[in-house]
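J.: Take this sequence and fold it.
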Amino acid sequence: MHGRIVRDLGMRIVSGDLKPGDRLPGEATLCADYEVSRPVLREATRVLVAKGLVMSRQRAGATVRAQSDWHLLDPDVLYWLIQAKPQGEFVQTLLTVRRIFEPAAAALAAQVASDAELDGIASAFAAMEAAPTPEALLEPDLAFHRRIAEATGNALLAYIGNMLSLALRESIKLSSRHPDTHALSLPRHKAILTALQHRDPLGARQATLVQLDETLGDLSEVLEVPTVPCIQEGLAGTDLQQA
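T.: Presented below is the predicted three-dimensional model:
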């Protein structure tokens, strides 16, 4: 029941049913609705507070916070957002973030990755090649991108890459609906791997941008989503080595 209360109220908040400034229903109402004790309800509220979704004050109850205060990389909050957003809007949001993050991370990895880390990325690609179905392609594809972030040698970038994996998982599931997903995906990832192995930062950045642009094209065919506005090249290619 604790988990259900957190999930239900979290979804109501991120979907906009409960808006910033709104108060959550009173304790007596929620206890009756969920048939739980006050300690159980208060523990659920503490979880929502920890995720940045609500602010709780004694005698004032719990109030929904502004979206800018939400912990958007929290796995639960991110999953609720994915579920609440229309698919086209989710794709646009995610690909904008990926265009800013992944090309620069790949460029940095090309410069600083250890041989062992490059071998790990190559192993993930080999598993992608061996995947017999689009469904089997999912996990090695995620590992490929996650290992590039880890290969930057920057713990914060690795953390961001790991947190983005949940959203990326949903994106890959959508793109796998394309009838040629396997044949299209492999050469794009191979180009990134080759640039990394040649220690070519510009090549790694460009190959990543191409992969993201072509992924958008695939998703546009599957979901009929509009093209994401082009990000300025200077921003997409920001050098993260000083991060």
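J.: Go through the helix or strand in which residue 184 is found and flag the buried ones.
T.: Using DSSP states H and E, the element containing residue 184 is helix 181-197. Across helix 181-197, burial judged by 16 or more other Cβ atoms under 10 Å covers 181-182, 184-186, 188-189, 191-193, 195-197. Backbone N, C-alpha and C define where each C-beta goes, glycine included.
J.: With stretch 46-64 instead?
T.: Buried, per 16+ other Cβ under 10 Å, within stretch 46-64: 47, 48, 51, 52, 53, 54, 62, 64.
J.: Check the third one and give its pLDDT.
T.: Looking back up the chat, that one is residue 51. Looking at residue 51, its pLDDT stands at 95.
J.: Over to it: give its phi and psi.
T.: phi -90, psi 0 (degrees, to the nearest 10).
J.: quick one, what contacts it?
T.: Residue 51 sits next to 10, 70, 71, 74, 76, 77 when contact means Cβ atoms under 8 Å, 6 or more residues apart in numbering.
J.: Could you point out the longest helix of this protein?
T.: Looking across the chain with DSSP state H, the single longest helix is helix 87-112.
J.: Now do that helix: which elements does it pack against?
T.: If contacts are counted by 3 or more Cβ pairs under 8 Å, 6 or more residues apart in numbering; DSSP states H and E, helix 87-112 sits against helix 134-150, helix 155-175, helix 181-197, helix 201-223, helix 233-236.
J.: Turn those helices into a markdown table, including mean pLDDT and distance to residue 6.
T.: Converted to a markdown table, the helices and strands packed on helix 87-112 look like this (pLDDT from 0 to 100; distance: least, Cβ to Cβ, whole Å):
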| stretch | mean pLDDT | distance to residue 6 |
| --- | --- | --- |
| helix 134-150 | 94 | 26 |
| helix 155-175 | 87 | 17 |
| helix 181-197 | 92 | 35 |
| helix 201-223 | 89 | 30 |
| helix 233-236 | 41 | 36 |
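J.: so which of these gets nearest residue 40?
T.: Nearest of these to residue 40, taken as Cβ to Cβ: helix 155-175 at 26.9 Å.
J.: just how off-centre is that closest one within its chain?
T.: 4 Å (Cα atoms, centre = their mean, to the nearest Å).
J.: in that helix, what counts as buried?
T.: Here helix 155-175 shows 157-158, 160-172, 174-175 as buried, counting by 16+ other Cβ under 10 Å.
J.: Report the inter-axis angle for that helix versus helix 201-223.
T.: If you take axes from the mean of the first three to the mean of the last three Cα atoms, to 10 degrees, helix 155-175 sits at 30 degrees to helix 201-223.
J.: what sits up against helix 155-175?
T.: 73, 75, 78-79, 82, 87, 90-91, 94-95, 97-98, 101, 105, 108, 137-138, 141-142, 145-146, 148-150, 152, 181, 185, 215, 218-219, 222-223, 240, 243.
J.: got the angle for that helix vs helix 181-197?
T.: Using the same axes, to 10 degrees: helix 155-175 against helix 181-197 is 160 degrees.
J.: I'd like to check the angle between helix 155-175 and helix 87-112, please.
T.: 140 degrees.
J.: Dump helix 155-175 to CSV, keeping only the CA atoms.
T.: Below are the C-alpha coordinates for helix 155-175, written out as CSV (Å, rounded to 0.1, in the frame of the first residue of the first chain):
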residue,chain,number,x,y,z
ALA,A,155,31.7,10.1,-12.2
LEU,A,156,29.0,12.7,-12.6
LEU,A,157,28.7,12.1,-16.4
ALA,A,158,28.6,8.4,-15.7
TYR,A,159,25.8,8.9,-13.2
ILE,A,160,23.8,11.0,-15.7
GLY,A,161,24.3,8.4,-18.4
ASN,A,162,23.0,5.7,-16.0
MET,A,163,20.0,7.7,-15.0
LEU,A,164,19.1,8.4,-18.6
SER,A,165,19.1,4.7,-19.3
LEU,A,166,15.5,4.4,-18.1
ALA,A,167,14.3,7.0,-20.6
LEU,A,168,16.5,5.6,-23.3
ARG,A,169,15.1,2.1,-22.7
GLU,A,170,11.6,3.4,-23.5
SER,A,171,12.9,5.2,-26.6
ILE,A,172,14.6,2.1,-27.9
LYS,A,173,11.4,0.1,-27.4
LEU,A,174,9.6,2.7,-29.5
SER,A,175,12.2,2.7,-32.3
